[in-house]
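Chemist: Here is the input, now give the coordinates:
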Amino acid sequence: MTIQPTIPDQRPRLPDQKRIDWAPVLNPRGPWSALVVAGSSPARVSRNCAGIVYISAPYHAEAQIRGAWRVERSVLMSIRAANEVGRLAACGCTALAPTVQIAEAAHAKVLNDDTPDPLDRVFWDAWSQPILNVAALIAIPDIPGWDRCPMVWRDLRFALAHNLPVHIYGGLQP
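Modeler: So this is what the prediction gives:
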């Protein structure tokens, strides 16, 4: 009987799910520097992607005030995310932004009362997962709230766990 040596997993530990801390993720000499590009742009994404770009944009925390969904804030977040789809399209990229679909489903709630609650993150996380599964690259545009959004953080963690490149347009100083 031959004993096989075990090779320790050399991958860095994923950032904590419950505590959003961008410093180690954005550190240019950090454990994720091979996957994460800070200060990126649609043009840079187009040079580095041959597939669907998943635009991870904030929604839930930004589309509400003190726990109450606000249509005007939802419209603003949808427009900002749709703008990023357009910017990537202009560079030749096919991009999907679940924020747009979440917001527009909420806006259509006046026509269909069965539409899920736009602030139900558990539902929308599960709903957007198949889109995330087929993405070739995650783009995180510099939309206000990106750095504190739990859904953006969830998308980032998925990308790191699955070796997907992440392009962050903005950037915090590590």
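
Chemist: how much space between the residue most central in space within the chain and Asp114?
Modeler: Central residue of the chain (C-alpha atoms, centre = their mean): Ser56, 2.4 Å from the mean position. Counting by C-beta to C-beta, to the nearest Å, the gap from Ser56 to Asp114 is 27 Å. All C-beta atoms are positioned from the backbone trio N, CA, C, and that covers glycine.

Chemist: helix or strand for the residue nearest to the residue nearest to the centre of the chain when sequence neighbours are not counted, which one?
Modeler: Once flanking residues are discounted, Ser56 sits nearest to Asp155: 3.9 Å by C-beta to C-beta, 6 or more residues apart in numbering. Under the criterion of DSSP states H and E, Asp155 resides in helix 150-161.

Chemist: Let me see the mean pLDDT of that helix.
Modeler: Over the span of helix 150-161, the pLDDT mean works out to 95.

Chemist: buried set for it?
Modeler: 151-156, 158-160 (16 or more other C-beta atoms under 10 Å).

Chemist: Show me what it is packed against.
Modeler: helix 121-134, strand 137-140, strand 166-168 (3 or more C-beta pairs under 8 Å, 6 or more residues apart in numbering; DSSP states H and E).

Chemist: Columns distance to Trp146 and mean neighbour count on top of these, output as CSV?
Modeler: Below are the helices and strands packed on helix 150-161 laid out as CSV (distance: least, C-beta to C-beta, whole Å; neighbours: other C-beta atoms under 10 Å):
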stretch, distance to Trp146, mean neighbour count
helix 121-134, 16, 14
strand 137-140, 6, 27
strand 166-168, 8, 23
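
Chemist: wouldn't the residue nearest to the centre of the chain be in contact with Ala139 here?
Modeler: Yes: with contact defined as C-beta atoms under 8 Å, Ser56 counts as touching Ala139 (7.0 Å).

Chemist: so which of the buried residues of helix 150-161 comes closest to Pro130?
Modeler: Nearest to Pro130 among these is Phe158, at 12.0 Å by C-beta to C-beta.

Chemist: list the contacts for the closest one?
Modeler: Going by C-beta atoms under 8 Å, 6 or more residues apart in numbering, Phe158 touches 132, 138, 164.

Chemist: repeat for Cys91
Modeler: Contacts of Cys91 (C-beta under 8 Å, 6+ apart): 42-43, 45-46.

Chemist: follow-up on the earlier one: now tabulate the helices and strands packed on helix 150-161 in TSV and tack on mean pLDDT.
Modeler: Formatted as TSV, these follow (pLDDT from 0 to 100):
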stretch	mean pLDDT
helix 121-134	96
strand 137-140	98
strand 166-168	97
